[in-house]
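1. Here's a sequence, model it:
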Amino acid sequence: MTKTGLLFFAGLFLGIQTLSAQADRWQQRAAYEMEIDFDVEKHQFTGKQQLTYFNNSPDTLDRVFYHLFFNAFQPGSMMDVRSRTISDPDRRVRDRISKLSESEIGYLRVQKLKQDGAMTDFEVVGTILEVSLATPLLPNSKTVLEMDFTGQVPIQVRRSGRDNAEGIDYSMAQWYPKLSEYDYQGWHANPYIGREFYGVWADFDVKIAIDKNYTIAATGYLQNPNKIGHGYEAAGTSVKTPKKDKLEWHFKANDVHDFLWAADPDYEHLVLERADGNALHFFFQPGEKTTDNWSRLPKVMDEAFAYINQHFGQYEYDKYSFIQGGDGGMEYPMATLITGERSFGSLVGVSVHELMHSWYQMMLGTNESLYAWMDEGFTSYASSRVMNHLRQKGLIPGNVADNPHLGSYAGYINLARTPMEEPLSTHSDHFMTNRAYGTGSYSKGAVFLNQMEYIIGKEHFDIALLKYFNTWKLKHPNVNDCIRIFEKTSGLELDWYKEYWVNTTHTIDYAVSKIADGADGKAVVSLEKRGMMPMPIDVVVTYTDGRKETINIPLQIMRGHKSPESKNFRTAPDWPWTNFSYNLMLDVALDQIEKVEIDPSRRMADIDNENNSLER
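-> Have a look, this model is predicted:
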């Protein structure tokens, strides 16, 4: 082969490599080893952390950043100021941080930090540790960061802390120096003000020494169950009472981006072994408000797991823990903290919602700060489906709904009718109100998926939802990655949907304005687009003989139309998004029409359904 030919094929090979790299984005990797000595009298702990950091990026890094979340629970912190100045503060926070005494605050203090044995320079700036590396970290290389640190557990204010409202001693979330994520957008060293998270995919090896009377529930798998007991030991195994005052609990977890633990001396520990080998653990304080409901919970969550695995993707791990603690419900890898003194329906509801976060955030690790709606919204969508299934099975009370997402639609529409709504593209910390953040992330995010089903058809939607999970699990998908899966599955162009629904606050409003005779003796339906967001629409015509026909009017910019969802289904000519009116030609005379209605399924988030139907 000539030199020119060799250069050609070398260039072609490099080009293919580049395309492959673009198709499969690089992501950083870490491995934590931590040893914690916990003092339950002082609510303090000392820690040693060895962090191996793999730089898989094409960039040379001369600095790294850690989150020190506990530092938020100090008077004057950004979380404190934000909560006291926002117009609608979280009732759990308000001005509580400003009133914490020195023994009630939280903190993480770093004593020393070495990189490959050499001392580093670092500075604590609120909840962020800024570290200047002793040696720049080159692309495709690794380094070992060794840290000594101490911590104090704050009084429970938000998510983390000690002595929660139900008497759980320790809810240990966001409790250790956690490496910030670095990705194709750069560093994400966001100060903690109480909203969302983003983490590096990592392996954890954690040892916690604590008073022997405490039971620990945690992310990961306990490595020494027969030395620990507390409900973890294998059946028939005896556990010797230790002579020391403390037990050392040893947990390991791989392919997760955070590590949670909780501890209480009164925890009752139940275990349900599922048929697929997954172990469900339940930790709660027994009592009149808990024991009966928590004892009924395993059967329901077993059925929930079966449904979720089938419709949303197979759970990646072999364990999940439902843990009484925290201040409501908060998700973590392989576990959740939930307040437990609830009615049975409420307990199931919060358990299902937090469990679904194992799919939309713990396995599909979106940057919650940038795309909170892809986490909270997708979880809310899936939770509504799971709860509807559990009602259908008779495991929880309530009516089975044709559209279980109507609550999300109502929440979104109520917000959209006010000037408070902000685009979903807003960083979660930067929303002006908690209402705009909460309703947008949870309700409008849920509507995003159910409305996608309306746009592309249920058949393609169900396939795409599973494909999204299987393509992006254990990665960091963004909104474009999600949209592309739906595009490839349906064959439709959907960037317009992302641009309108995510990047603007434009609303949808279509109307049936008139049904009249056409020039050829056949009926004409006059339709109007009164909102600024265009949508394909389903028009259902009910004829006088009782027959119903669904006529789909695609948008021209979709370059196609949805898959049929019923037998009597046909597609009309495209509607250009610039046009505010459209004439739908029917094949029958006016006197054969009884009613014309836009989207009776209510999957389109039309803010005014009063003008969606018209009778002849």
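
2. Show me this structure divided up by domain.
-> The chain breaks down into these structural domains: 25-262, 266-505, 510-615 (assignment by automatic domain parsing).

3. now the longest one: how far from the chain's centre is it?
-> If I follow you right, that is domain 266-505. Distance of domain 266-505 from its chain centroid, counting by CA atoms, centre = their mean, to the nearest Å, is 7 Å.

4. hmm, back to that, CSV please, covering the domains of the chain and showing mean pLDDT.
-> Supplementary listing: the domains of the chain in CSV, determined by pLDDT from 0 to 100:
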stretch, mean pLDDT
domain 25-262, 96
domain 266-505, 97
domain 510-615, 95
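
5. so can I have CSV of those showing mean neighbour count?
-> Any C-beta I mention is one placed from the backbone N, CA and C, and that applies to glycine too. Supplementary listing: the domains of the chain in CSV, determined by neighbours: other CB atoms under 10 Å:
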stretch, mean neighbour count
domain 25-262, 18
domain 266-505, 19
domain 510-615, 17
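
6. can you give me the end-to-end distance of stretch 609-616?
-> 18 Å (CA to CA, to the nearest Å).

7. Could you list the residues in contact with that stretch?
-> Contact with stretch 609-616 is made by 509-515, 530, 590-591, 593-600, 602, 606, as judged by CB atoms under 8 Å, 6 or more residues apart in numbering.

8. Where does the most centrally placed residue in the chain sit: helix, strand or coil?
-> Nearest to the mean C-alpha position of the chain, by CA atoms, centre = their mean, lies Asp375 at 2.4 Å. Counting by DSSP: H, G, I helix; E, B strand; the rest coil, the backbone at Asp375 sits in helix.

9. Return the residues in contact with it.
-> Neighbouring residues of Asp375 by CB under 8 Å, 6+ apart: Glu196, His357, Tyr360, Gln361, Thr366, Glu368, Ser441, Gly445.

10. nearest to Asn480, of those residues?
-> Using CB to CB, Thr366 is the member of those that sits closest to Asn480, with 11.7 Å.

11. distance of that closest one from Leu137?
-> Separation of Thr366 from Leu137 (CB to CB, to the nearest Å): 25 Å.

12. on that earlier part again, I'd like the contacts of Asp375 laid out as CSV, including secondary structure and distance to Asp39.
-> Below are the contacts of Asp375 laid out as CSV (DSSP: H, G, I helix; E, B strand; the rest coil; distance: CB to CB, whole Å):
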residue, secondary structure, distance to Asp39
Glu196, coil, 31
His357, coil, 32
Tyr360, coil, 37
Gln361, coil, 32
Thr366, coil, 37
Glu368, coil, 32
Ser441, helix, 38
Gly445, helix, 41
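
13. What is the nearest of those to Pro225?
-> Compare each of the contacts of Asp375 with Pro225 using CB to CB and the shortest gap goes to His357, at 26.3 Å.

14. what's the nearest residue to that closest one if we skip its chain neighbours?
-> Setting aside the residues directly before and after it, His357 is nearest to Glu331 in space (CB to CB, 6 or more residues apart in numbering), at 3.3 Å.

15. For whichever strand or helix holds the one you found, which helices and strands make contact with it?
-> Per DSSP states H and E: Glu331 is located in strand 329-332. Strand 329-332 sits against strand 335-338, helix 344-356, with contacts defined as 3 or more CB pairs under 8 Å, 6 or more residues apart in numbering; DSSP states H and E.

16. Partner strands of it and their direction?
-> Within its sheet, strand 329-332 is paired with strand 335-338 (antiparallel), according to DSSP bridges.

17. now the helices: where do they sit in the stretch 351-500 of the chain?
-> 372, 378-392, 406-416, 434-438, 445-456, 458-472, 479-490, 495-503 (DSSP state H, counting those that start in this stretch).

18. mind giving me a markdown table with those and columns for distance to Ser566?
-> Output for the helices of the stretch 351-500 of the chain, formatted as a markdown table (distance: least, CB to CB, whole Å):
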| stretch | distance to Ser566 |
| --- | --- |
| helix 372 | 35 |
| helix 378-392 | 21 |
| helix 406-416 | 20 |
| helix 434-438 | 35 |
| helix 445-456 | 13 |
| helix 458-472 | 10 |
| helix 479-490 | 17 |
| helix 495-503 | 22 |
